[in-house]
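Participant: Next come a sequence and a model predicted from it.
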There are 2 protein chains.
Amino acid sequence: MLTSIKKSPLYPIVNPRSIALYGASNRIDAMGSNHLFSLRDLGFEGPIYPIHPTETEILGFRTYKSVRDLPEVPDFVLLVLPTHVVPDILEECGESGVRHAIVVSGGFREVGGGGVPLEQRLKEVADKYGIRFLGPNCIGVANPSHKLNTTFFQFDGRPGYVGLASQSGSFVTQMFKFLDNKDLGFSTAISVGNEANVDIVDALEYLGACPNTKVIALYIEALTRGKVFMETARSIVPYKPIVAFYAGGSEAGRRASFSHTGALAGADRIYDGVFRQSGVIRALSITELFDFCWVLATQPCPGGSRVLIQTHSGGPGAAAADACDRLGLDLPVLSPETLEKLEPLVPHTGSITNPVDMTYHKDPFQYFHDLPKVLLEEERADMLLVYFLLPTQIVEQTLSRSGLPRKVVLTETDKLIDSLARAVAELSRAYGKPLVGYTFRDLGERLIRGLRGENIPVFPEPHRAASALRALVDYARARARLLGAGELQAE
Amino acid sequence: MLTSIKKSPLYPIVNPRSIALYGASNRIDAMGSNHLFSLRDLGFEGPIYPIHPTETEILGFRTYKSVRDLPEVPDFVLLVLPTHVVPDILEECGESGVRHAIVVSGGFREVGGGGVPLEQRLKEVADKYGIRFLGPNCIGVANPSHKLNTTFFQFDGRPGYVGLASQSGSFVTQMFKFLDNKDLGFSTAISVGNEANVDIVDALEYLGACPNTKVIALYIEALTRGKVFMETARSIVPYKPIVAFYAGGSEAGRRASFSHTGALAGADRIYDGVFRQSGVIRALSITELFDFCWVLATQPCPGGSRVLIQTHSGGPGAAAADACDRLGLDLPVLSPETLEKLEPLVPHTGSITNPVDMTYHKDPFQYFHDLPKVLLEEERADMLLVYFLLPTQIVEQTLSRSGLPRKVVLTETDKLIDSLARAVAELSRAYGKPLVGYTFRDLGERLIRGLRGENIPVFPEPHRAASALRALVDYARARARLLGAGELQAE
């Protein structure tokens, strides 16, 4: 692990004070112009210096003919230029004292042929001047808390706690909205492209030290520094979870990723072993990647793999039990003490096996407070999985039928729903056990938004919730193993 | 298969002309009152007769003291009563000529003990009078095109083409909103409860003959008439796909479903064999259940398992290729003719292997018409999987920067996006091959809504899209096998 985040070659690229940009122009359809739009629109607060041979002003920014003419050496240069001119321009930057760059331009190693020696030349120029750069064929960095977006894609998400290092630029830009829809966001996202200089291991190391990052997501097509990756991951995992989606493993994925970043991907089972040995949690889809990040960043480590399921309908309970069991989670039988406490709570039509099925309740606090309290107290279980169903509409209807005026009904409905979400969240915090929900209702409903706002992940079906619990168990075990191995001490 | 849908014991229950209801009252928190609210609010057009010993009017409906006092014999009675009175009331109904019923009340076989003989008594009463009934411990029927909702849950979805037969009531009511969010809806949904008289096989048979049902979804915890289930499924599959989610298979699911409907679930692999032999597509999660329904109802049968992937970013293409490959779909190499046609379309930074990666396009019709046309023409492939990314915002920005007035920009943006969605859909129809999309954008964006409105399923990640294509291939093979076996003739 880095002793200081400032020692990372990525530090000035992720946290620049000033930026120079090659490739923007007053032709609004030029790629580089889009990068300038993005930089401007997120409101980067330091100076931005567009460089252009003929223009004097671009999008309101004063423009310079060469990096030599700038009033200062920028923290990095962003190059969005035709492939063949990139090495010479990087040389010019090196001569002027620039020590960091993002090379967005493609057409290097990934296209084969003449691209290969061009990329070699780029590396040599960088080495000559001690330049550290991201790319080529990458999309740069998004660091919302620093108001930095070097990609050509407008950032419309919120700052969050997920740090991403990606061998695909799309998995940076396309996740802005994707994460926003899940109430998640990036702390920092880094696209590494062809990794000619800075690679995904450097990005992992940076995110390991980044104070805004609670969980690290990796999109991997191929690792070139396998051993260093493992060492780095093993040094981070005891303090911060890492989840990886690996898309190079199958024959077809290998072919696709070869033409994409030019790296030759290894066999799936080798990567599986690499991840397992380094305590990295593997996701088999993009949905899993961020589902796992969500629970790992919000829930405590469980003490074991025993899950209690709370429901008020048989089918959703059975489906959750089935999913947990298929995923190797345990569904313990309740202790006599718990059974006794459940007696007055669960009606005769319900069930006090696991899943605990309340079938119905007249007072919603029974379901949102009394029952989860008893289940969180159960010493035979490590986690609680709760089926949530309380549409705003139903509460409104119930209150309306009692004859209250419409305005009062609406206010009381909101207050009641908010207090139910809070009741569950407080219990979850008090008992220090993971608590995850699922529902088939709209995730935009007030109750679900309330729970999510209180850091209770609620998934739109039981299978995803169970997979997320499985990831928690896997992480807890990997962490314990790495700490127990005496390689590292817990904080 | 039924020679006429009217021969089904469910026909009068799903398509009643009149309904009598036991259990509603002017106590708005009584369960039965909620059923009456639902019936009223969806606007059932025939007479509804609440029956109550003391009330004269409930929710504006004239109330009767007994089923004997009704002006006609209702097509069915809906019983939402305390368990122990149900057999006697059913007897009274039988004496009055009633021949169909829905028994919502629980507390029978599923709770064990005294519930078992009570359910036996219910069956005997029904047999004595020739009554066919759904339940007990069920939630009834939703048939939106008949404006029928007998459940206690308000129907807020739209009519659609998915027919559901479910051993869990929640998978009826909780799917109203769930399906609505996916632009799907029920043709008819049937909750079978304890199946004391009418069972899930009867419901399957009904849905097989139902003209509004394009695809059948099953939620199964246990089958009692396994052989008849298989025969019925095999007679339907050549004409209509069936997708099943089975939640009784794992040890835990078995335990949960036992306490739920009182049936003893069999081992997972037995059910797997039952589904495979009858051509039923198995879903392993609720998400898969309806994802599969969506593609099966909207896409033609593919001629084989060969998928072409169209993308304009490497990562999403690689992730899709990886998912297809893991799921056993083939990713063919393109023919020389196709490669020749792609030459002028795909820039040098792109890739003309499979996935075909356009990297970028200046004219969106290249991506939404020219490229998919070439790929659909490829004789070496059976299906097309397309990565969709075209946020309204980007089109707006591009048009805005050209200096057009705001109002014109908005109109032109909408027109352009709609025409792109139409272009893809028309191609898909013209070539008769399945075309499915995926995106990481908001599914509410205009382009995605447009595509979905044109019956192009678009999934929020590649893995779900690939699983859906896999279901199409499995169905096409099952159908061909059943037809080829000479057991049945195609229409």
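Facilitator: Okay, I see it.
Participant: Going by C-alpha atoms from here, please, whenever you check contacts or count neighbours.
Facilitator: Noted.
Participant: which residues of the stretch 251-400 of chain A score low on pLDDT?
Facilitator: The model of the stretch 251-400 of chain A has pLDDT under 70 over residues A:251-266, A:391.
Participant: in it, which spans are strands?
Facilitator: A:281-283, A:307-311, A:356-357, A:383-387 (DSSP state E, counting those that start in this stretch).
Participant: Out of those strands, which one sits most buried?
Facilitator: strand A:307-311 (a mean of 27; mean count of other C-alpha atoms under 10 Å in any protein chain shown).
Participant: Could you export that one as CSV, CA atoms only?
Facilitator: This file holds the C-alpha atoms of strand A:307-311, laid out as CSV (Å, rounded to 0.1, in the frame of the first residue of the first chain):
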residue,chain,number,x,y,z
VAL,A,307,-29.3,-15.6,7.1
LEU,A,308,-32.8,-15.0,8.6
ILE,A,309,-35.5,-14.1,6.2
GLN,A,310,-38.4,-11.9,7.2
THR,A,311,-41.4,-11.7,5.0
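Participant: neighbouring strands for that strand, and are they parallel or not?
Facilitator: Within its sheet, and counting by DSSP bridges, strand A:307-311 is paired with strand A:356-357 (parallel), strand A:383-387 (parallel).
Participant: how about those in TSV, adding distance to B:K7?
Facilitator: Shown next, in TSV, are the strands paired with strand A:307-311 (distance: least, C-alpha to C-alpha, whole Å):
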stretch	distance to B:K7
strand A:356-357	37
strand A:383-387	39
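Participant: so which of these gets nearest A:R158?
Facilitator: strand A:383-387 (27.7 Å; C-alpha to C-alpha).
Participant: and that closest one, how far out from the chain's middle?
Facilitator: Put simply, strand A:383-387 sits 23 Å off its chain's centre (C-alpha atoms, centre = their mean, to the nearest Å).
Participant: Show me what it is in contact with.
Facilitator: Contact with strand A:383-387 is made by A:302, A:305-312, A:316-317, A:372, A:375-376, A:433-439, A:465-466, as judged by C-alpha atoms under 8 Å, 6 or more residues apart in numbering or on different chains.
Participant: Not including adjacent chain positions, what is the nearest residue to A:L134?
Facilitator: Of all residues not flanking A:L134 in the chain, A:I102 sits nearest, at 4.7 Å (C-alpha to C-alpha, 6 or more residues apart in numbering or on different chains).
Participant: just checking, what packs against the helix or strand harbouring A:S187?
Facilitator: Using DSSP states H and E, A:S187 falls within strand A:186-191. Strand A:186-191 is packed against strand A:140-143, strand A:159-166, helix A:170-173, with contacts defined by 3 or more C-alpha pairs under 8 Å, 6 or more residues apart in numbering or on different chains; DSSP states H and E.
Participant: elements contacting the helix or strand that comes right after that strand?
Facilitator: Moving toward the C-terminus from strand A:186-191, the next helix or strand (DSSP H and E) is helix A:200-209. Counting by 3+ C-alpha pairs under 8 Å, 6+ apart, the packing neighbours recorded for helix A:200-209 are strand A:159-166, strand A:215-220, helix A:226-236.
Participant: what about the shortest one, near chain B?
Facilitator: No - interface with chain B: strand A:215-220 contributes nothing (C-alpha under 8 Å from any C-alpha of the partner chain), its closest point being 8.6 Å away.
Participant: For stretch A:143-152, measure first residue to last.
Facilitator: Chord length of stretch A:143-152, first to last residue, is 14 Å (C-alpha to C-alpha, to the nearest Å).
Participant: residues making contact with it?
Facilitator: So stretch A:143-152 is in contact with A:14-15, A:31-32, A:34-39, A:42-45, A:78, A:139-142, A:155, A:158-159, A:173, A:186-189, going by C-alpha under 8 Å, 6+ apart.
Participant: Now restrict these to buried residues only.
Facilitator: A:14-15, A:31-32, A:34-39, A:42, A:44, A:78, A:139-142, A:155, A:158-159, A:173, A:186-189 (16 or more other C-alpha atoms under 10 Å in any protein chain shown).
Participant: Quick one: end-to-end distance for stretch A:303-313.
Facilitator: 28 Å.
Participant: Can you pull out the residues in contact with it?
Facilitator: Contacts for stretch A:303-313 (C-alpha under 8 Å, 6+ apart): A:317, A:320-321, A:324, A:329-332, A:350, A:354-360, A:372, A:375, A:380-388, A:470, A:473, A:476, B:170.
Participant: Past whichever helix in chain A runs longest, which element shows up next along the chain?
Facilitator: Scanning chain A for the helix with the most residues, using DSSP state H, yields helix A:406-431. Where DSSP H and E defines the elements, the next helix or strand beyond helix A:406-431 is strand A:435-438.
Participant: residue at max distance from the center of chain A?
Facilitator: Within chain A, A:G403 marks the point farthest from the mean C-alpha position, 46.6 Å out by C-alpha atoms, centre = their mean.
Participant: what residues are up against that one?
Facilitator: No contacts exist for A:G403 under C-alpha under 8 Å, 6+ apart.
Participant: switch to 10 Å and redo it
Facilitator: Applying C-alpha atoms under 10 Å, 6 or more residues apart in numbering or on different chains, we find A:G403 in contact with A:V409.
Participant: And A:Y22, by the same measure?
Facilitator: A:32-33, A:35-36, A:49-53, A:64, A:66-67, A:77-81, A:86, A:89, A:103.
Participant: Show the buried residues in those residues.
Facilitator: Buried among the contacts of A:Y22 (16+ other C-alpha under 10 Å): A:32-33, A:35-36, A:49-52, A:64, A:66-67, A:77-81, A:86, A:89, A:103.
Participant: Would you state the helices of the stretch 351-491 of chain A in chain order?
Facilitator: In the stretch 351-491 of chain A, the helices defined using DSSP state H, counting those that start in this stretch lie at A:364-365, A:371-377, A:392-401, A:406-431, A:446-453, A:462-484.
Participant: Can you say which of the ones you listed is nearest to chain B?
Facilitator: helix A:462-484 (6.0 Å; C-alpha to the nearest C-alpha).
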